[in-house]
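J.: Have a look at this fold, sequence not included:
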């Protein structure tokens, strides 16, 4: 159980779901252990948040455990989507702990956002990778172009690498890239509430958005990344508009740095969303 | 390059192929790093074998590198089978380094053996696992029942666990199970040459056949297993009859014990097969 | 949850309780992570046991989670004892996963055995260690001399080291030491059922009884130890007489070998006790 | 021996004492290995400091080894206090290497400071933790409220988390919190000499004050922390006023980052205190 | 093979050479595994670079494998120099992956630069270390004073430690030290092209120039170091003038952070040099 | 300090000397950390030995610390020889903890034995390795053929690999090889006292003699090795005749198994030699 997730599932405002998918990781595997790592390394965190003067254990967070992953990724995503949609129907915010980034597609389908905001080292805008359209390197493209969704735009913070085709796709009107060197200024200068303008937003944190020093335990480290406070401040800026959240791509190949950061960002999301009286997905 | 594999591909008697498939590992992933681990930890081994008075570098071993793995397992196995079949057509013995055990299906299809001998902790006789018939827990069943193959029997040494259905399947006439406690006696008492009776044999070493002390770096440790000398002596007994060989399920989650053992068993196979003037698959 | 522990607590024949005490480890700490490690590395084990033709998931095993440990060891042991006594009152067998060996005192008090059988590298017969009578190096002495218990004898299998005073204590009539070199012969030659003679027995497995090769993840490795099959056969021999069981001293400082062995021995206990229709503690 | 600590104990200006207490760590244990890790990873550091033009080996640093820790924490702290007080009576500055943060209480009692300055992620202002008033999460409170001490105030740099009650305690006049985001500005804008105003000061560095990237080897990682240069500059600012120093909470669960930083900060303290002709505790 | 190094050796503009020398590392060994670590952790990097709009696989990079190291360091350096000189004679830029820093001497001798620019935590200006003039702590001194070379000056970025004698040597006219705190400003304020003024330059990246958080896998961690973006920008500034490049001192004692950063900096060098149409050494 | 090595150097019967040489390791380095690893993992061992009824702390064992290693191996061996010879002149037995196997040459020169007994995976009978006659793979040859020594024979227990030339050298009259499979029988059937016949003997334990399961932390793992009890019994058999002892080739690349075994074998040597009133080298 995630520390402080003491609410009953039926009464919850936030529901944590582990999605230990580890099917398409192209380099170092282990995202299947992400949910348990994140829960584990969140144990020493205080229940109380001084900034918002709230206790996580009083905010109605439930931990629904993991949705066991298997090899049929399309079927898994559909099943996971159902689990997460149930959360929205119960007027709660789904908080998914990956697992590989692909699971954000289920999160987006379950919450049907207008805007997809992502912290990520990679563009994830490929049409396919090794012939696989559900590879984790394609997830933002999938969300933008999903026929059952109507996502207006994707805002990718901290992105610093991609194929030539991805960078071309990124030039389209529905994609905004903020490179890591510019994220601090973007946060300082942008009225994120105004930018999102009341549109329902899904926030996805790929832990590899961080510089590898802060999150070595991830499948595809990419140097020159974000600092944790930048990630935190992005989470704080977007959380009031977000109806769904995930943190993904944590594996067990470090000394806990990646999981520790992931758990902290999840808690920041909860504190901020709760304090702002943020929205619930209107998917029905 | 595997140490000593100095032959040209075209002149080789043995061809090493890395098959870093890591798709269906159900517990701890990392078999994708098996081929490079095995090559790495074989570096300190002597080129010379005192028992057979041979140098591996003079036995005509080539290292054909890895067959890059991707997510479409049926397609991958077909491609890998082609690579290995080319080896047999060139009158060489394919030596595959996994990767997960599933790749033995490609090895068997390429060499079309009469008998499949396996060192393994698990029966691998499932019809399917999580709905996947190409899961590594099904590979011996797949080989026995493959419609393009005509395998008469499977002999599984060191097997100690399986589902109830697997144990029932194991009672059929085409399966022989030698539990780990009996392998030493079986080796002492069996005339393996006579047992195999000139039939072409494929030998597969799942490193988890070993007790976890000797091979912790594998996806599904199973205590009470084989000792390395038992595995070595089984390899020595079967190698003269074998037209194909693989060693599988090594990952990077230990201090090199599993890879070290795997590399040594591969070399034992080569020394013994070469010394015995063992057969080449007659698959044409 | 321990894999297969699918029974409801109220209906259970066996109840798993994690006891992550890590207070008096004198060398390498980490037993606090023992329960989660053991549950984790038990995941790949088959539910079915061929020898006894049973599924663990049908034997009525419940997992009651962990009893959170804190620094006041006497109070903790008392609290844990209460939890375990509840199990016996519900006519189930408590299966405790340590945590340090000290927790066996709670297990013994809860089940009130006539005989204490232990697999252990150390005598654990100290009067005190660094002035602490509840140090893990004293647990067998504590159990033998506990004023609320009436333990007739302790049988320690695999013990190979102790202080001079401990060896003197070991010469008393109520202690039997079987050194590791003699355990195989002892198992072969002893009618354990007759030896225990219907007396209620508590079985404790200190994982450091194993040779360090098989269980490096423990606080105080001691070479020249037991082999896993010897430990397994001892568990099989004692389980029919045992009304309580624990496996202790697993930490997170290896690649899973210790936890894998510990989980397997726990399952062997369950299969054997269930198959033998073993006793429940008559502590009321 | 700490590198360069070549002075005889009797002639020393600084005395290093290892205090490997590891009793109340609430999450990941291993602080017992802190002293040896810090000494080890300090080995490659140069003896010479360019900024102050000094060699550590000529500054009169002695290494008095470790004060072996045992389970009775009050007794241990008393014993350790005696060892450290002896240092002050010999007109030297005690430099303690933890071990858990609790040992700062002994350091403070031995040096009887007017001000307690601390680099720490946590407030450590709890009245008790799990009923234990000597838990490491209470140490700053203990020092502030110790009846034998007369500490006027605590200044905690980098603190970013605590319970609600701790934050309330932190509002009292005797506590100053500088959150990590403000430490750089605080250092730039504060005349620390003037702030301390000649008052005797004890400086304690809890390595978890650093962001986890810089010190993953600690018991309770807390993201969004200090950068090493901020910690260094704080040490440089306070060292001229400090009559005692410790660095605590390093464990062995990383690749040496935490110990490396800790050893460097200890050396910065020595160079700066020596160059400034800093004070000795007037505790007699 | 380094990812993307698909050119034939004879057609190459850049030639990668592994130099796994690990002879004089004074603290934590393992640089012998540097070349394979760097190649491995470069695998997930994209082939395409958005900034320069280039694919590494079209820039004519060849990977010439490793020059096997042995114990006779002078002989090894001579042999390595020959290999690298062949590269320059073929009008390509040698890119050496260490191995210990000593190998930069071979790189400098092969390219005969006017200026030696180095990212390094250490001055490496010793006359000898433990009596060894070819110790890695002497390499910049060796290059400056090599009788067969005519290096006008060394510019060392990020250097923060050395012996007293090294700091004295650093005051000579032919050495410029930019301490890590000043590197960002130096990069912002310096016209590096003008500074180098068309002189042929050799660029050496000792990975320990980075703060240990970013590169824990190196032999002698030194806190308070460079950030990766500073290192990247220095590589970008110098690459247009550089006729030789190396990245050294990566070992296998971390979770891949050091190797990941090293591989990325090597790719930055290639992209930048290619885009600037940088020079080839005129050593004939 | 090695646990229990409480004697003063001048009064000692046994003197421990660390020899952290790590110059010629051909595969995985780290033997420089052998002495500290062995001392560390010996800490949890009991001071008392039940078999011989002795306490190590009363047997007159001193720990003389480490002889710092540097790159000039011939000079280092000479210096180390002096240190060890001093021990013999003081009528004590030198116990050297390596460091690479090469250091046995210093041990042999210091004690001038008639017989060299060795536990080792490798023959170590090379004339040179990579041109280096002081490589660790040559040490037994060096000792047999040293012009200042007069060693009659070498008995190598557990040896299982070597070059063709080494095996030829092994056929000479002055070499006896007992392969690992035969060591148990050799121990059972040989009257070692009679075999050694009062000749002064040097006993060297290369930890890689053990199977890798028992000692993964060594530079060149070689499967199919000795079991710890075989090594122990060999030490017990030879110790009464031995005037010098070493244990070598332990590195820091495992979870402590190799160091734990090494420390235990060293203690077995001390207990046995002391109980037998074994000889001191008559080298004057």
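T.: Arrived safely, thanks for sending. Values in this document were obtained by computation on a predicted structure and should not be read as measured data. Numbering: from 1, shown residues only, chains lettered A, B, ... in the order given.
J.: could you check whether stretch A:33-43 is close to chain E?
T.: No. Residues of stretch A:33-43 contacting chain E under CB under 8 Å from any CB of the partner chain: none, with a closest distance of 13.4 Å. Just so you know, the C-beta spots here come from the backbone N, C-alpha and C atoms, and that holds for glycine as well.
J.: centre of the chain versus that stretch, how much separation?
T.: 15 Å (CA atoms, centre = their mean, to the nearest Å).
J.: Now the closest residue to chain E within the stretch 1-150 of chain A: closest residue in space that isn't a chain neighbour?
T.: The stretch 1-150 of chain A approaches chain E most closely through residue A:27 (4.2 Å), counting by CB to the nearest CB. Leaving aside its sequence neighbours, residue A:27 sits nearest to residue E:44 (CB to CB, 6 or more residues apart in numbering or on different chains; 4.2 Å).
J.: The one you found touches residue A:223, doesn't it?
T.: No. Using CB atoms under 8 Å as the test, residue E:44 is too far from residue A:223 to be in contact (11.3 Å).
J.: Please work out the residue of the stretch 101-250 of chain A nearest to chain C and name it.
T.: For the stretch 101-250 of chain A, CB to the nearest CB, closest residue to chain C: residue A:217, 15.4 Å.
J.: where's that residue relative to residue A:258, distance?
T.: Per CB to CB, to the nearest Å, residue A:217 is found 4 Å from residue A:258.
J.: Identify the contacts common to these two.
T.: Common neighbours of residue A:217 and residue A:258, counting by CB atoms under 8 Å, 6 or more residues apart in numbering or on different chains, are A:37, A:207, A:250-251.
J.: In helices only, show me those.
T.: residue A:37 (DSSP state H).
J.: Closest to residue D:146 out of the shared contacts of residue A:217 and residue A:258?
T.: residue A:37 (38.9 Å; CB to CB).
J.: OK, contacts around the closest one?
T.: Counting by CB under 8 Å, 6+ apart, residue A:37 touches A:217, A:250-252, A:256, A:258-259, A:262.
J.: Residue E:44 and residue A:223 - which one has more neighbours?
T.: Neighbours per residue (other CB atoms under 10 Å in any protein chain shown) separate residue E:44 from residue A:223, with residue A:223 holding more: 26 against 22.
J.: Next one: that one, what pLDDT does it get?
T.: At residue A:223, the model reports a pLDDT of 98.
J.: how much space is there between it and chain D?
T.: 13 Å (CB to the nearest CB, to the nearest Å).
J.: Which residue is the nearest non-sequential neighbour of that residue?
T.: Nearest one to residue A:223, counting by CB to CB, 6+ apart, is residue E:264 at 4.5 Å.
J.: The one you found touches residue E:231, doesn't it?
T.: No. Using CB under 8 Å, residue E:264 is not in contact with residue E:231, being 9.3 Å away.
J.: Those two: which is more packed in?
T.: Comparing residue E:264 with residue E:231 by other CB under 10 Å, the one with more neighbours is residue E:231, at 29 against 25.
J.: Which stretches in chain A count as strands?
T.: A:14-19, A:48-49, A:54-55, A:61-66, A:93-98, A:115-119, A:153-157, A:175-178, A:201-206, A:242-248 (DSSP state E).
J.: Buried residues, the fourth one. List them.
T.: What that stands for is strand A:61-66. A:61-64, A:66 (16 or more other CB atoms under 10 Å in any protein chain shown).
J.: As TSV, the residues you listed with pLDDT would be great.
T.: Shown next, in TSV, are the buried residues of strand A:61-66 (pLDDT from 0 to 100):
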residue	pLDDT
A:61	98
A:62	98
A:63	98
A:64	97
A:66	98
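J.: So residue A:150 versus residue A:93, what's the distance?
T.: Taking CB to CB, one finds residue A:150 at 20 Å from residue A:93.
J.: Settle it for me: which of those two has more neighbours?
T.: Under the neighbour definition other CB under 10 Å, residue A:150 and residue A:93 were set side by side, and residue A:93 has more, 28 against 9.
J.: Residue A:77 and residue A:9, how far apart?
T.: Applying CB to CB to residue A:77 and residue A:9 gives a distance of 22 Å.
J.: partner residues bridging residue A:6?
T.: residue A:62 (DSSP bridges).
J.: Check the residue lying closest to residue A:234 once chain neighbours are set aside and give its pLDDT.
T.: Of all residues not flanking residue A:234 in the chain, residue A:157 sits nearest, at 5.5 Å (CB to CB, 6+ apart). Residue A:157 carries a pLDDT value of 98.
J.: mind listing what the residue nearest to residue A:223 touches?
T.: A:222-224, E:42, E:45, E:228, E:232.
J.: Residue D:271: which of the residues you listed is nearest?
T.: Closest to residue D:271, out of all of these and judged by CB to CB, is residue E:228, at 28.0 Å.
J.: Pretty sure residue A:126 sits against residue A:166.
T.: Yes. Residue A:126 is within contact range of residue A:166, at 5.8 Å (criterion: CB under 8 Å).
J.: I'd like the mean pLDDT over the biggest helix by length in chain A, please.
T.: What stands out as the longest helix in chain A, according to DSSP H, is helix A:257-276. Average pLDDT, helix A:257-276: 98.
J.: List the neighbours of stretch A:63-74 that are in contact with it.
T.: In contact with stretch A:63-74 (CB under 8 Å, 6+ apart) are residues A:1-2, A:5, A:9, A:15-24, A:32, A:35, A:39, A:76, A:79-80, A:83, A:87, A:99, A:102, A:134, B:23-24, B:130-132, B:135.
J.: Residue ranges in the stretch 151-284 of chain A under the pLDDT threshold?
T.: A:284 (pLDDT under 70).
J.: Flag every residue of it that's near chain B.
T.: Counting by CB under 8 Å from any CB, no position of the stretch 151-284 of chain A is adjacent to chain B.
J.: picking up where we left off before, quick one, which of the contacts of stretch A:63-74 are buried?
T.: In the contacts of stretch A:63-74, the ones that pass as buried (16+ other CB under 10 Å) are A:2, A:5, A:15-24, A:32, A:35, A:39, A:76, A:79-80, A:83, A:87, A:99, A:102, A:134, B:23-24, B:132, B:135.
J.: what about stretch A:105-115 and chain B, touching?
T.: No. Stretch A:105-115 is not in contact with chain B by CB under 8 Å from any CB; minimum separation 15.7 Å.
J.: Check the offset of that stretch from the chain's centre.
T.: 11 Å.
J.: Give the rounded mean pLDDT of it.
T.: 98.
J.: mind listing what's buried in it?
T.: Neighbour counts over stretch A:105-115 (16+ other CB under 10 Å) mark A:105-115 as buried.
J.: can I get these in CSV with distance to chain D?
T.: What follows is those, written out as CSV (distance: CB to the nearest CB, whole Å):
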residue, distance to chain D
A:105, 27
A:106, 27
A:107, 23
A:108, 26
A:109, 30
A:110, 28
A:111, 26
A:112, 31
A:113, 26
A:114, 30
A:115, 26
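J.: List just the nearest of the residues you listed to residue A:274.
T.: residue A:111 (17.2 Å).
J.: mind listing what the closest one touches?
T.: Counting by CB under 8 Å, 6+ apart, residue A:111 has contacts A:84, A:88, A:94, A:200, A:202, A:243-244, A:281, A:283.
J.: are any of the contacts of residue E:264 buried, and which?
T.: Buried members of the contacts of residue E:264, counted by 16+ other CB under 10 Å: A:222-224, E:42, E:45, E:228, E:232.
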